[in-house]
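S.K.: What follows is a predicted protein model with its sequence.
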Amino acid sequence: AYDHALEIHRKHLSPVAAAYFQKPLMLHQGHMEWLFDYEGNRYLDFFSGIVTVSVGHCHPKVNAVAQKQLGRLWHTSSLFFHPPIHKYAEELSALLPEPLKVIFLVNSGSEANDLAMVMARAHSKNTDIISFRGAYHGCSPYTLGLTNISTFRMEFPSGMGCQSTMCPDVFRGPWGGSHCRDSPVQTIRKCSCAPDCCQAKDQYIEQFKDTLNTSVAKSIAGFFAEPIQGVNGIVQYPKGFLKEAFELVRERGGVCVADEVQTGFGRLGSHFWGFQTHEVLPDIVTMAKGIANGFPMAAVVTTQEIAKSLARCMLHFNTFGGNPMACAIGSAVLEVIKEEKAQENSQDVGTYMLLKFAKLREEFDIVGDVRGKGLMVGIEMVQDKMSRQPLPCEEVNQIHEDCKNMGLLVGRGGTFSQTFRIVPPMCVTKPEADFAVEVFRSALIQHME
Ligand code: PMP
């Protein structure tokens with residue numbers, strides 16, 4: 001059966017989509033933090049699908065709500081009212097601070113950010129939008145201009161998808177950007193949790209100001225930031241940086257957008273939203289992934305004022321956005337997060353897990369950095385701590401593969417795919433965190449032998 005699947009995959013599914021592992025896993029069942037393959041093996045899913053399964057695969061309560069709604073009404077369009085959308089709008093808006101109370105529902109993170117870009121332009125009447133080096137905001141043609149990770153941008157014929165063609169007014173942020181996968185080897189990004197190797201916040205702010213003053217971003221419409229960069233390998237900003245950056249953008253008439261696609265819904269533990277950990281209040285918040293535990297759903301939340309600016313410019317429509325299934329599931333997820341104290345668990349197990357993984361940094365010279373917050377942890381692999389050069393991809397692949405063979409699934413991130421992303425569902429327990437650390441340690445030992 002696997003060989004047949006492989007043949008169909010090769011013949012009929014686009015090669016542009018990458019798959020993990022030499023022999024990609026064929027999964028057929030999930031239960032909470034566990035996944036099961038066709039050979040009867042089980043895996044602890046410490047990547048939550050792809051940071052999507054917030055409360056657990058096939059969570060019984062979410063399943064029950066979904067099944068009930070399935071038998072009642074799957075779909076109407078946004079041309080009609082239905083109770084699940086109003087229930088959800090009330091519940092979601094209650095979780096956001098004033099004046100972020102107006103919601104537009106869509107189906108994916110890219111769509112949410114696309115719409116946020118349009119909103120920022122409609123409201124500010126400016127055009128330029130900036131994001132950081134290493135940012136990931138989506139893969140739609142519009143958001144590709146904001147996604148600043150070379151692997152997603154290179155080798156397009158005649159620069160299609162890059163800012164120069166599709167988004168001429170999108171500018172890369174103060175951290176620059178490597179536009180090409182085989183650009184000269186870069187040293188590993190300096191990390192935020194090792195003060196001795198961290199550029200001071202003030203230095204970053206000066207760079208940011210330079211960018212705003214000298215670049216196309218003089219007429220800034222919007223500034224997008226992930227509270228913690230996910231795809232880039234769990235990259236955190238210096239303390240206080242985002243707050244000052246927001247102020248500088250606002251002084252110039254731009255709006256600030258928090259992309260909470262990975263960081264929202266309690267994953268960071270201490271707060272429900274990532275922006276709260278930076279003590280900032282965005283003008284627009286985008287969210288997706290964990291919002292509906294893996295069911296396609298996303299949202300843009302903004303102020304009445306910005307929502308009205310958009311409404312004055314255009315009518316906006318989305319066929320599937322806010323459909324009854326998604327809204328019912330979204331409500332069930334919020335209920336489970338509350339009932340099961342998922343945010344508190346993220347804080348508790350996340351802090352525990354981070355400390356345990358951090359010990360590996362002392363044990364192994366190839367573990368360059370361990371960082372993160374709540375249940376969003378990154379382990380950056382290097383050739384050695386002195387050089388800080390990324391561990392070659394094939395070697396990281398082998399460690400990844402060995403973890404899988406021992407029953408642990410983790411994600412990858414970073415320009416060179418050198419960072420392991422440890423992002424389990426929020427129902428994870430401390431013994432499971434212990435298991436993950438032990439498997440990871442065994443894979444590292446195997447690698448050193
Ligand atoms: N923003 C962030 C921070 C993301 O991590 C992602 C997905 N990796 C997106 C936006 C795009 O989401 P989607 O794949 O649902 O379009």
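M.R.: Perfect, I can see it now. Residues are numbered from 1 along each chain as shown.
S.K.: Could you use CA atoms for every contact and neighbour count after this?
M.R.: Will do.
S.K.: ok, Phe275 - contacts?
M.R.: Residues near Phe275 by Cα atoms under 8 Å, 6 or more residues apart in numbering: 227, 258, 260, 281-282.
S.K.: Could you rerun that using 10 Å?
M.R.: Neighbour list for Phe275: 225-228, 242-243, 257-260, 263-264, 281-282, 285 [criterion: Cα atoms under 10 Å, 6 or more residues apart in numbering].
S.K.: what's the closest of those to Val106?
M.R.: For those, the residue nearest Val106 by Cα to Cα is Val285; the value is 13.0 Å.
S.K.: does the closest one count as helix, strand or coil?
M.R.: strand (DSSP: H, G, I helix; E, B strand; the rest coil).
S.K.: Show me just the buried residues among the contacts of Phe275.
M.R.: Burial by neighbour count, 16 or more other Cα atoms under 10 Å: within those this picks out 225-228, 242, 257-260, 263-264, 281-282, 285.
S.K.: can you redo those residues as TSV with distance to the ligand?
M.R.: Formatted as TSV, these follow (distance: Cα to the nearest ligand atom, whole Å):
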residue	distance to the ligand
Ala225	8
Glu226	6
Pro227	9
Ile228	8
Leu242	16
Val257	11
Ala258	9
Asp259	6
Glu260	6
Thr263	8
Gly264	10
Leu281	18
Pro282	15
Val285	11
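S.K.: Using pLDDT, spot the least trustworthy of the residues you listed.
M.R.: Ranked by pLDDT, the buried ones among the contacts of Phe275 bottom out at Leu242, which has 89.
S.K.: how many neighbours does the nearest residue to that one once chain neighbours are set aside have?
M.R.: In this structure, Leu242 finds its nearest non-sequential neighbour in His278, 6.6 Å apart by Cα to Cα, 6 or more residues apart in numbering. Applying other Cα atoms under 10 Å, we find 17 other residues in the vicinity of His278.
S.K.: Distance check, His278 against Ala5.
M.R.: Separation of His278 from Ala5 (Cα to Cα, to the nearest Å) stands at 46 Å.
S.K.: Which neighbouring elements make contact with the helix or strand hosting Glu90?
M.R.: Secondary structure assigned from DSSP states H and E places Glu90 in helix 83-94. In terms of contacts (3 or more Cα pairs under 10 Å, 6 or more residues apart in numbering; DSSP states H and E), helix 83-94 is packed against strand 102-106, strand 298-302, helix 324-339.
S.K.: give the contact list for the residue of the stretch 201-350 of the chain at minimum distance from the ligand.
M.R.: Here the stretch 201-350 of the chain gets closest to the ligand at one residue, Val261, 4.7 Å apart by Cα to the nearest ligand atom. Contacts for Val261 (Cα under 10 Å, 6+ apart) come out as 51-52, 108-110, 112-113, 136-138, 226-227, 230, 274, 285-291, 298-299.
S.K.: let's see 8 Å
M.R.: Going by Cα under 8 Å, 6+ apart, Val261 touches 109, 226, 286-290.
S.K.: how about those residues, which pair is most distant?
M.R.: In the contacts of Val261, two members sit farther apart than any others by Cα to Cα. They are Glu226 and Gly290, at 14.8 Å.
S.K.: Name the nearest of the contacts of Phe275 relative to Ala332.
M.R.: Ala332 lies nearest to Gly264 out of the contacts of Phe275, by Cα to Cα, at 16.0 Å.
S.K.: Help me confirm that that closest one comes into contact with Thr277.
M.R.: No. The criterion here is Cα atoms under 8 Å, and Gly264 misses it with Thr277 at 10.9 Å.
S.K.: per-residue confidence averaged over stretch 203-223?
M.R.: Stretch 203-223 shows a mean pLDDT of 75.
S.K.: So for it, what gets flagged as buried?
M.R.: Buried, per 16+ other Cα under 10 Å, within stretch 203-223: 204-205, 207-209, 211-212, 216-223.
S.K.: for stretch 38-55, same thing?
M.R.: Judged by neighbour count using 16+ other Cα under 10 Å, the buried positions of stretch 38-55 are 42-55.
S.K.: give me the number of residues near Glu432?
M.R.: Neighbour count for Glu432, taken as other Cα under 10 Å: 17.
S.K.: Which positions in the stretch 201-350 of the chain make contact with the ligand?
M.R.: Proximity of the stretch 201-350 of the chain to the ligand, by Cα under 6 Å from any ligand atom, involves residues 226, 230-231, 259, 261-262.
S.K.: Are the helix or strand hosting Gly49 and the ligand in contact anywhere?
M.R.: Element membership of Gly49 [criterion: DSSP H and E] is helix 48-51. No. Residues of helix 48-51 are not located near the ligand by Cα under 6 Å from any ligand atom, the shortest gap being 7.6 Å.
S.K.: So which elements touch that helix?
M.R.: Using 3 or more Cα pairs under 8 Å, 6 or more residues apart in numbering; DSSP states H and E as the contact test, no helix or strand touches helix 48-51.
S.K.: The most centrally placed residue in the chain: what's it in contact with?
M.R.: Geometric centre of the chain, nearest residue: Gln262, 3.3 Å, by Cα atoms, centre = their mean. For Gln262, the contact set (Cα under 8 Å, 6+ apart) comprises 51-52, 230, 287-290.
S.K.: My guess is Ile329 contacts Ala64. True?
M.R.: No. Contact criterion Cα under 8 Å: Ile329 and Ala64 do not qualify, at 9.4 Å.
S.K.: So those two - more neighbours on which side?
M.R.: Set Ile329 next to Ala64 and count neighbours by other Cα under 10 Å: Ile329 wins out with 28 against 14.
S.K.: hmm, back to that, may I have the helix holding Gly49 exported as CSV, CA atoms only?
M.R.: Taking Å, rounded to 0.1, in the frame of the first residue of the first chain, the C-alpha atoms of helix 48-51 are listed here in CSV:
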residue,chain,number,x,y,z
SER,A,48,1.2,19.4,16.6
GLY,A,49,0.6,18.6,13.0
ILE,A,50,2.3,21.8,12.0
VAL,A,51,1.6,23.9,15.1
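S.K.: Lovely, talk soon.
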